[in-house]
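[1] need a structure here:
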Amino acid sequence: MNPKHIAIAFLPILLAACAQHPVRPSAETKPVSKPVEAKPAMVKPAEPKLPDVALSDDLLFEFLLGEIAGQRGDIGMATEAYVDMANKTRDPRIVKRALDISLYSGNNKDAMEMAKLLTTIDPESAKAKETLSALLAHSDNLEVARPNIEKLLSQQKGDNLAKSLMQLDSLFVRQADRKAVLSTVEGLTKPYLDLPEAHYAIAIAAFRAGEIRLALDEDEKAQSMRPDWETAALLKAQILEQTDKQALLPFLSDFLEKYPRSQEVRLAYAKVLVSEKKFEEAHKEFSELKKLFPKNPDVAFAVGLLSLQLGNFDEAISDFKDLLRIGYQNKDLVRFYIAQGYELKKSWNDAVKWYEAIGEGPQYLPARTRVAVILMQTQGISKARQYLHGIHTSNSKQKAFLVLAEAQLLHDSKDYRGAYSVLKKGVETYPDSPDLLYDESMAAEKMGKIREAERSLRKLIKLQPEYAQAYNALGYTLVEHTNRYKEALPLLQKALSLSPEDPFILDSMGWLQYKMGNIPSSLDFLERAYKGRKDPEIAAHLVEVLWAKGQHEDAEKLLKSSLKEHPDNDALLKSKRIISH
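    You can find the predicted model right below:
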């Protein structure tokens, strides 16, 4: 392209950014014959005076340099060019542009310089004041920032003041000294304590500083001034969730009884019910939200999921079909849950139809593998494997996924040797697939091929040194099949350091401690593991340790309740034989 054409293309932009000389009327201009009565005009804030800057070749070149650098993604060069132009021209429009680019690039030093320059050129610039306050607040010197923020707040009125008070938390979000932030916020809000937003600002600063009593007191003051304020109610809920979980549900329930149309609080209440596994109550709340806000697709989606969880399959299918009709964004995810509803109803043909309606994307392979599961249940393992082999894949990761699916089908049909064979061949084809290495090691362990299992797990650890379950699997294999307990200990310690509350890792460490004769330590780990997950194998280990500790009644009680839930579990049946002798 001709360079002159480039200059012409950008010239109007630069001319708009530089000062323009006023257009004087021509000597030939005639006055109007009759004066026109002027209508009163709205008073606008005075625009900053524009400098008289000539459009030199150097300035034009620098402008082009900055714009082209920005378009090519070289934000550093664009920032440098615009900051230099801003300092040369002192044109407020160029300074604002330089400020925006500096902020975008994360160059706080230049942004601070441009914000200060803009306040010098245009003392009334709200943008400059807000940016300067934010940059100072993000620095370590709160005392320097405070006067600027005080001045900014003093210039706000009504809704703008309320909004500015609510933004104090985000203003200080990067400050490490939360106690200092709380002190600063208390000082800044002191003139505005007749506003609920001021008390809310103190409450959230106190909460972040760990001053829970003050946080609750200030939040309650905000709520007393505006009782139906959802934002304050949600902050109290957040505080209670971390400090007094038993009080959380009653608080949310009482608030909703007084203000039943509070969408955000009802949504928070429903989510807490789900986390507490109170699915029926959660379903009721989400259903109420659906009535109040019928156009909210996320609420309708939650209702469908809870209907599935509760076994209301027809209702779930209907809910998800409604979502398709109103145009839910992730249609394939909705189709997946419709298919799952039909599968749970054992309406096999409908389930297959909906699974196969899912196109390329995240749900494509999971849907096709569910079809294979249905075929195994209805037509046998051979038909299921044949179907899996015919599924279209476009990369090695998808191919490895299907190997895992085929091995799982064989495992579920109790063909452990066949599952091992498929996985071994898969690892030979895709030797660096972490999922294949993990499953192949588990299959080898089940086949008694402990050295092979160990070899695969050590390779997996090299590939993914932060994968907690690899350390756990290797450690547990050594505990269960060898007496190499000293080797197992650091492996399980590493797994716990990566995932401290994982029930399965806690179980492995508890079982190791038992094997090493540390009964009290073993019991502590296993009780924590079982509290985290009521898994039958964890229960079996806990039964044996309780029995070894002499707590026979507790052991028998746990075994009985676990067998009631999992009557055919091999680990529980083994524990039953052990304590019966």
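[2] And the residue lying closest to residue 217 once chain neighbours are set aside, its phi and psi?
    Excluding its sequence neighbours, the residue lying closest to residue 217 (Cβ to Cβ, 6 or more residues apart in numbering) is residue 203, at 8.0 Å. In short, each C-beta sits where N, CA and C put it, glycine included. Main-chain torsions, residue 203, degrees, to the nearest 10: phi -60, psi -50.
[3] separation between residue 203 and residue 229?
    As judged by Cβ to Cβ, to the nearest Å, residue 203 and residue 229 stand 12 Å apart.
[4] Give the residues shared as contacts by the two.
    Contact with both residue 203 and residue 229 is made by residues residue 222, according to Cβ atoms under 8 Å, 6 or more residues apart in numbering.
[5] higher neighbour count, those two?
    For residue 203 versus residue 229, neighbours defined as other Cβ atoms under 10 Å are more numerous around residue 203 (27 against 19).
[6] Can you give me every residue that contacts the residue nearest to residue 401 when sequence neighbours are not counted?
    Excluding its sequence neighbours, the residue lying closest to residue 401 (Cβ to Cβ, 6+ apart) is residue 365, at 5.3 Å. Going by Cβ under 8 Å, 6+ apart, residue 365 touches 391, 393, 398, 401-402, 405.
[7] now these: which count as buried?
    391, 401-402, 405 (16 or more other Cβ atoms under 10 Å).
[8] Contacts for the helix or strand where residue 343 lies, please.
    Using DSSP states H and E, residue 343 maps to helix 331-344. Applying Cβ under 8 Å, 6+ apart, the external contacts of helix 331-344 come out as 301, 304-305, 308, 311, 313-314, 316-317, 320-321, 323-324, 328, 348, 350-355, 357-359, 361-364, 366-367, 370, 374.
[9] run the last query once more with 6 Å
    313, 316-317, 320, 323-324, 328, 350-351, 354-355, 357-358, 361, 363, 367 (Cβ atoms under 6 Å, 6 or more residues apart in numbering).
[10] and if you look at stretch 178-188?
    The contact list for stretch 178-188, computed with Cβ under 6 Å, 6+ apart, reads 142, 146, 149, 168, 172, 175, 201-202, 205-206, 208-209.
[11] any idea of the mean pLDDT in it?
    For stretch 178-188, mean pLDDT is 87.
[12] Stretch 281-298 now?
    84.
[13] Extract the C-alpha trace of it and format it as CSV.
    Output of stretch 281-298 as CSV, limited to C-alpha atoms (Å, rounded to 0.1, in the frame of the first residue of the first chain):
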residue,chain,number,x,y,z
GLU,A,281,-36.3,-28.6,49.5
ALA,A,282,-33.9,-27.3,46.9
HIS,A,283,-36.2,-28.5,44.1
LYS,A,284,-39.1,-26.6,45.7
GLU,A,285,-37.1,-23.4,45.9
PHE,A,286,-35.8,-23.6,42.3
SER,A,287,-39.4,-24.4,41.2
GLU,A,288,-40.5,-21.2,43.0
LEU,A,289,-37.8,-19.2,41.2
LYS,A,290,-38.9,-20.7,37.9
LYS,A,291,-42.5,-19.3,38.6
LEU,A,292,-41.2,-15.9,39.6
PHE,A,293,-38.7,-15.7,36.7
PRO,A,294,-39.9,-18.0,33.9
LYS,A,295,-37.4,-16.6,31.4
ASN,A,296,-34.3,-17.4,33.5
PRO,A,297,-32.8,-20.5,31.7
ASP,A,298,-30.3,-21.3,34.5
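[14] So which bits of it are buried?
    Neighbour-count burial for stretch 281-298, counted by 16+ other Cβ under 10 Å, picks out 281-283, 285-290, 293, 297.
[15] Of those residues, which belong to helices?
    Using DSSP state H, the members of these that fall in helices are 281-283, 285-290, 297.
[16] starting at the chain centroid, how far to stretch 517-528?
    With Cα atoms, centre = their mean, to the nearest Å as the basis, stretch 517-528 stands 34 Å off its chain's centre.
[17] and it, which residues are buried?
    Here stretch 517-528 shows 522-528 as buried, counting by 16+ other Cβ under 10 Å.
[18] Same question for stretch 323-335.
    Using 16+ other Cβ under 10 Å as the test for burial, stretch 323-335 gives 323, 328, 331, 333-335.
[19] could those residues go into TSV alongside distance to residue 379?
    Below are these laid out as TSV (distance: Cβ to Cβ, whole Å):
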residue	distance to residue 379
323	31
328	33
331	29
333	27
334	27
335	23
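[20] closest to residue 541 among these?
    residue 333 (37.4 Å; Cβ to Cβ).
[21] Just the pLDDT for that closest one.
    With respect to pLDDT, residue 333 scores 94.
[22] swap in residue 56?
    For residue 56, the predicted pLDDT is 58.
[23] where's residue 486, which helix or strand?
    Here residue 486 is assigned to helix 485-498, by DSSP H and E.
[24] rewinding a little: between the contacts of stretch 178-188, which sits nearest residue 476?
    residue 208 (40.3 Å).
[25] Run through the chain and note the low-pLDDT ranges.
    1-72, 102-103, 105-108, 111-112, 119, 122-145 (pLDDT under 70).
[26] residues in contact with the nearest residue to residue 445 once chain neighbours are set aside?
    Among residues not flanking residue 445 along the chain, residue 453 sits closest, at 4.2 Å (Cβ to Cβ, 6+ apart). Neighbouring residues of residue 453 by Cβ under 6 Å, 6+ apart: 441, 444-445, 477.
[27] what helix or strand is the residue nearest the centre of the chain on?
    For the chain, the residue nearest the mean C-alpha position is residue 271 (15.2 Å; Cα atoms, centre = their mean). If you go by DSSP H and E, residue 271 is part of helix 263-275.
[28] Just the buried residues of that helix, please?
    Neighbour-count burial for helix 263-275 flags 265-270, 272-274 (criterion: 16+ other Cβ under 10 Å).
[29] Then stretch 166-179?
    For stretch 166-179, using 16+ other Cβ under 10 Å, the buried residues are 166, 168-169, 171-172, 175, 178.
[30] So what's the residue count around residue 210?
    Neighbours of residue 210 (other Cβ under 10 Å): 11.
[31] Oops, could you answer that again for residue 547 instead?
    The burial count for residue 547: 18, using other Cβ under 10 Å.
[32] How about residue 339?
    Neighbour tally, residue 339, other Cβ under 10 Å: 27.
[33] same thing with the one 4 residues further on?
    Counted with other Cβ under 10 Å, residues neighbouring residue 343 total 21.
[34] Then residue 531?
    11.
[35] And for residue 158?
    7.
[36] How about residue 230?
    18.
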